[in-house]
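Student: Here is my input, please return the structure:
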Amino acid sequence: MRALTWHGKHDVRVETVDDPGIVNPRDAVIKVTSTAICGSDLHLYDNYIPSMMKGDILGHEFMGEVVEIGPKSTLKLGERVVVPFTIACGSCYHCGKQQFSACDNGNPAENQDAGEKLYGQTMSGLFGYSHLTGGYAGGQAEYVRVPFSDVGPIVIPDGVDDDKVLFLSDILPTGWMAAENCDIAPGDTVAVWGCGPVGLFAVQSAFLLGAERVIAIDHFDNRLALAKRFGAETINYKTTDVAMALRELTGGVGPDACIDAVGLEAHGLTADNVYDQIKVSSFMATDRPHALRQAIMACRKGGKLSIPGVYGGFVDKFPIGALMEKGLQVKTGQTHVQRNLPALLTAILDGKIDTTFLISHRMPLEAAAEAYKLFKEEQDRVTKVVLKPGMVAA
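Tutor: Numbering: from 1, shown residues only. Got it, this is the predicted structure:
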């Protein structure tokens, strides 16, 4: 089959690789019909996430048709399914609490040591996202093996277009959980750092969960315009002092909840971010947490801090004093996708959630390397790229 493989920083290639097959009784094999490039994939593209190996197949946002099943899979041949990016067994301690992204069994035993050393406990299994997370082949391919297929995938009704439901695989549940983690109460003001795909779904979700006001922060005009479509007030951090603007917009109190949808590759020419750039480039730090620092400092006393943005290692100059003294409540983590899939699918089918607005480009799988470069370098106009394995290049 054809698949997108990783070969180093800014070096991804569509190559012919072995077809996947059934390995365990609960497996299924999916023929991929749509797969997307995620902002988190750019962390791999930029070589920020450790334990990638040459030839690894990328991609964790995908859906398709069931073409092969193991004897203990609950799927049926021919069903169309969306597959969560988190791999969960459904029966361990954490899955029992619906904390699916903390599953103890999704990451194979031989891959758990590195995560335990880095984070204290093993990471969960993720598709196409390094050997820290299991070394699983991803879905930017013609076919993909899906472990624990009786737990993860959700069956899509006939007649529903891929574009409407593809983002159930990751970014829609991630944006939803980001807002859900804010414990939004009537009258709340929520500030969202980053209007990429997750940030935009967080904006939409915050309103659906009852926020009175949402303030979206970014510097790309197109992204800010998309946030305005959902009723958000916007701040362009290149032309406006974010901290001062948030104080003015909230009567000096600060937002009730702050969402960091940026993560480890924050941009900007602020003093702390320049410092981070130097530290990272000299291998003295791993992440650039400018947005997270700013969110902590801006949030009101007793407020909520939600962190869906991906962080990979260690940061410097972290305002732990402000976090503690202000009494902020913090929730973060990879998304428990399986927990919210049924409700989010129903919301899409009922027309309460729009997902198709985000797609700016549809490209063949064969053009994936070009698509990655485009997504990284032209983020103002390229909001989301969907790759189609069956599409013929124009």
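Student: can you give me phi and psi for Glu68?
Tutor: phi -160, psi 140 (degrees, to the nearest 10).
Student: how much space between the closest residue to it other than its chain neighbours and Val190?
Tutor: The shortest distance from Glu68 to any non-neighbouring residue, by CB to CB, 6 or more residues apart in numbering, is to Val29 (3.9 Å). Using the backbone N, CA and C atoms, a C-beta is placed for each residue, glycine as well. Val29 sits at a distance of 41 Å from Val190 (criterion: CB to CB, to the nearest Å).
Student: Between those two, which has more neighbouring residues?
Tutor: Val190 (30 against 23; other CB atoms under 10 Å).
Student: and the more buried one, helix, strand or coil?
Tutor: Secondary structure, DSSP: H, G, I helix; E, B strand; the rest coil: Val190 is strand.
Student: Next, the contact list for it, please.
Tutor: Shown in contact with Val190 (CB atoms under 8 Å, 6 or more residues apart in numbering): 179, 182, 184, 206, 211, 213-215, 255-259.
Student: got it, and Ile156?
Tutor: 63, 80-82, 165, 345.
Student: right, and out of the residues you listed, which lies closest to Leu374?
Tutor: Met63 (21.9 Å; CB to CB).
Student: Touching, that closest one and Val82? I think so.
Tutor: Yes: counting by CB atoms under 8 Å, Met63 does reach Val82; the two are 4.3 Å apart.
Student: Identify the contacts common to those two.
Tutor: In contact with both Met63 and Val82: 156, 165-166, 168-169, using CB under 8 Å, 6+ apart.
Student: Among the contacts of Val190, name the buried ones.
Tutor: Taking 16 or more other CB atoms under 10 Å as the criterion, what is buried in the contacts of Val190 is 179, 182, 184, 206, 211, 213-215, 255-259.
Student: Could you list which of the residues you listed belong to helices?
Tutor: 179, 206 (DSSP state H).
Student: any chance you could map the helices in the stretch 151-300 of the chain?
Tutor: 162-165, 171-180, 197-208, 221-229, 242-249, 271-281, 290-298 (DSSP state H, counting those that start in this stretch).
Student: name the helices or strands packed onto the first one?
Tutor: In other words, helix 162-165. strand 28-36, helix 337-349 (3 or more CB pairs under 8 Å, 6 or more residues apart in numbering; DSSP states H and E).
Student: Out of the helices and strands in the protein, which is least certain?
Tutor: Ranking every helix and strand in the chain by mean pLDDT, DSSP states H and E puts helix 271-281 at the bottom, with a mean of 73.
Student: elements contacting it?
Tutor: helix 290-298.
Student: Name the next helix or strand downstream of the helix it packs on, please.
Tutor: strand 304-307 (DSSP states H and E).
Student: That next one - contacts with which helices or strands?
Tutor: Against strand 304-307 (3+ CB pairs under 8 Å, 6+ apart) you get strand 257-260, helix 290-298, strand 329-332.
Student: Could you say which of these is packed most deeply?
Tutor: Of all the helices and strands packed on strand 304-307, strand 257-260 has the most neighbours on average by mean count of other CB atoms under 10 Å, namely a mean of 30.
Student: What helices and strands are in contact with that one?
Tutor: strand 189-193, helix 197-208, helix 290-298, strand 304-307.
Student: Quick one, which of the ones you listed gets closest to Leu341.
Tutor: helix 197-208 (14.2 Å).
Student: Show me which residues of that closest one are buried.
Tutor: 197-207.
Student: what bridges to the residue nearest to Met391 when sequence neighbours are not counted?
Tutor: In this structure, Met391 finds its nearest non-sequential neighbour in Pro364, 4.2 Å apart by CB to CB, 6+ apart. Bridge pairing for Pro364 (DSSP bridges) gives the partners Lys388.
Student: and Pro364, how many residues sit next to it?
Tutor: Counted with other CB under 10 Å, residues neighbouring Pro364 total 18.
Student: Next: Pro186.
Tutor: So Pro186, with other CB under 10 Å, has 7 neighbours.
Student: With adjacent residues omitted, what lies nearest to it?
Tutor: In space, Pro186 is closest to Gly210, 5.6 Å off (CB to CB, 6+ apart).
Student: For the stretch 201-350 of the chain, which residues score under the pLDDT cut-off?
Tutor: Scanning the stretch 201-350 of the chain with the threshold set as pLDDT under 70 gives 269, 275, 284.
Student: To Asp104, which of the helices of the stretch 151-300 of the chain lies closest?
Tutor: Taking the helices of the stretch 151-300 of the chain one by one with CB to CB, helix 171-180 is closest: 20.1 Å.
Student: Same question for stretch 369-376: list its buried residues.
Tutor: Those would be 369, 371-372, 374-376, for stretch 369-376 by 16+ other CB under 10 Å.
Student: Look at the residue nearest to Cys89 when sequence neighbours are not counted and say how many residues are nearby.
Tutor: Closest residue in space to Cys89, ignoring its immediate chain neighbours: Asn105 at 4.0 Å, by CB to CB, 6+ apart. Neighbours of Asn105 under the rule other CB under 10 Å: 19.
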